[in-house]
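>>> Everything below, folded, please.
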Amino acid sequence: MKRLIYTALTGTLLLSSSQVGAQSYANPQSTVTSPGVVTVGDQDYRVVAADKYSQSSKSAGKQVSSSPANRASYAAQSGAGSSVKQSLAIGSPSSIDEIAQVSCNSCEPGISSSMQAKLSQACSSCGTPGGAYGCIHCDSYFYGVAEAIHVDRDNDDTHTISSRYGLSGFDMEMGTRVTIGRVPNCFRGWEGTFTGIINWNSAGGLEAPIFRIQSNLEPIAPVSAADISAFNDAFIQTTEYDARYWSAEINRTYVGWEVAKMLCGIRYIDFEEQYSVYSENDTEAGFIYSDIENKLIGLQVGMDLTYPLLRKTYVDFRGRAGIYANFMDLDLAVINNNEWAAGINDRTVEAAGQFELGIGLRYEVTPKFSLKCGTELWYLSGIGTAYDQLNNGIMGRNSVEGYEDLVNAVFTYGADIRF
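Next up is the predicted model:
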């Protein structure tokens, strides 16, 4: 990294990658824009005497001593100024490589000067004279992430009320995840995410005119075996299992050096299932319909981390965890020989939990556009499923049961854009 060097003998600003005795080597990339001002890259530097310098915009008359301690103090006090220019003090030959930075951009220019001074320490402060850290410019930006997600569910997807046949199982289904956010300064922002809609379907059936179909349903008083007779000695039976999942969230984000992002916010998760059975024997027909809704709302926290592998390739980590109130609503009906045999209509609120873990790769096509892919694991506990309302017998109760878990393996790919 090149250093800025002043020589008191000539009064000339020179740029050098090395210094030998009294010699300096000029940087061919530097240009003199006006007398006493030199431009290097996108930064302007003005050659002045250190003990006579005063800031014209806000601190007229305030002098900067040539001592490193006083320069650092003045630089910290000037961290909320609007100018991006930095002044370099002419020092003695023993301190010709020390730089006194006198102003930096503020992270949040719309707030008070006292708060700007505090924020500048975290995200837009000036480095100490001659130090490795200079002004960190805080540019407001929006960002958007669009991903295709393929979700494979692994819960009760083949279960039926008979041991003679099973369902086809849930396939890996496709959905989307869209995130839009804004960071108005170096470290704080907002983002919203929508995930879904993901629909699963599993179906099966059997025709058995000779070896008849028997059910696994267990009647529990006040329900008797006669109330579910249509589901035994059946010559045809069909079952269909449907499920749907989506979620929406809004989070407060805290960004650190573009490699870490912490978030906390509110999330809503909607998970619904329908389980239906049709059965027919020689004398009667029966129908079972179980419809359950899980509407979860609660608080979540999360973290996104980025680690560079190659020049434009990064490893991303994604984590989410939350606690929710699950508003469950169950409608279950058992119809036997066109008559009502049993049913449950119940609503309740239970506690639920959720976490999501993911890891992936991201390739930076341009500084503002990246492609990404990865795998994730979703876990949701404390929910009710449609099939499990039948698994413990018919009926013997009048309340919904919500102690099940939902596990999903997820594959994602998409793009990240900043503007």
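>>> C-alpha from now on. contacts and neighbour counts both.
Noted.
>>> Distance of the residue nearest to L309 when sequence neighbours are not counted relative to I180?
What sits nearest to L309 in space, not counting adjacent residues and going by Cα to Cα, 6 or more residues apart in numbering, is V315, at 6.7 Å. The gap separating V315 from I180 is 21 Å, by Cα to Cα, to the nearest Å.
>>> related to what we said a few turns ago, what helix or strand is the residue nearest to L309 on?
Per DSSP states H and E: V315 is located in strand 313-336.
>>> my guess is the residue nearest to L309 meets G358, correct?
No: with contact taken as Cα atoms under 8 Å, V315 and G358 are classed as non-touching, separated by 10.7 Å.
>>> Please parse the protein into its domains.
3-124, 141-418 (automatic domain parsing).
>>> any idea which of those domains scores lowest on pLDDT?
Per-segment mean pLDDT for the domains of the chain reaches its minimum on domain 3-124, at a mean of 46.
>>> Am I right that E191 sits in a strand?
Yes: when classified by DSSP: H, G, I helix; E, B strand; the rest coil, E191 is found to be part of a strand.
>>> any idea how far D316 is from the nearest residue to it once chain neighbours are set aside?
With Cα to Cα, 6+ apart as the criterion, E191 has its nearest non-adjacent residue at 3.8 Å, and that residue is G181. Using Cα to Cα, G181 is found at 18 Å from D316.
>>> Taking strand 313-336 as reference, get the angle to the top strand by length along the chain.
When every strand of the chain is counted residue by residue (DSSP state E), the longest turns out to be strand 339-366. Orientation of strand 339-366 against strand 313-336 (axes from the mean of the first three to the mean of the last three Cα atoms, to 10 degrees) gives an angle of 170 degrees.
>>> what lines up beside strand 339-366 in the sheet?
In the sheet containing strand 339-366, the strands it pairs with under DSSP bridges are strand 313-336 (antiparallel), strand 369-383 (antiparallel).
>>> pretty sure Q300 contacts A352?
No: taking Cα under 8 Å as the contact criterion, Q300 and A352 are not neighbours in contact, 11.9 Å apart.
>>> Overlap of the contact sets of these two?
Residues touching both Q300 and A352 by Cα atoms under 8 Å, 6 or more residues apart in numbering: I323.
>>> which stretch of helix or strand covers the closest residue to R267 other than its chain neighbours?
On the basis of Cα to Cα, 6+ apart, the spatially nearest residue to R267 that is not a chain neighbour turns out to be E249, at 4.1 Å. When elements are assigned from DSSP H and E, E249 belongs to strand 236-256.
>>> I'd like the next helix or strand past that strand.
Immediately after strand 236-256, counting by DSSP H and E, sits strand 260-280.
>>> Check which helices and strands that following strand is in contact with.
Applying 3 or more Cα pairs under 8 Å, 6 or more residues apart in numbering; DSSP states H and E, we find strand 260-280 packed against strand 236-256, strand 285-308.
>>> partners of that strand, with directions?
With DSSP bridges as the criterion, the sheet partners recorded for strand 260-280 are strand 236-256 (antiparallel), strand 285-308 (antiparallel).
>>> can you put these in CSV and add mean neighbour count and distance to T195?
As requested, the strands paired with strand 260-280 are arranged in CSV below (neighbours: other Cα atoms under 10 Å; distance: least, Cα to Cα, whole Å):
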stretch, mean neighbour count, distance to T195
strand 236-256, 20, 5
strand 285-308, 20, 14
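>>> what would those strands look like in CSV with distance to P222?
Formatted as CSV, the strands paired with strand 260-280 follow (distance: least, Cα to Cα, whole Å):
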stretch, distance to P222
strand 236-256, 25
strand 285-308, 17
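>>> Look up how far I213 lies from V349.
Computed with Cα to Cα, the distance linking V349 and I213 is 38 Å.
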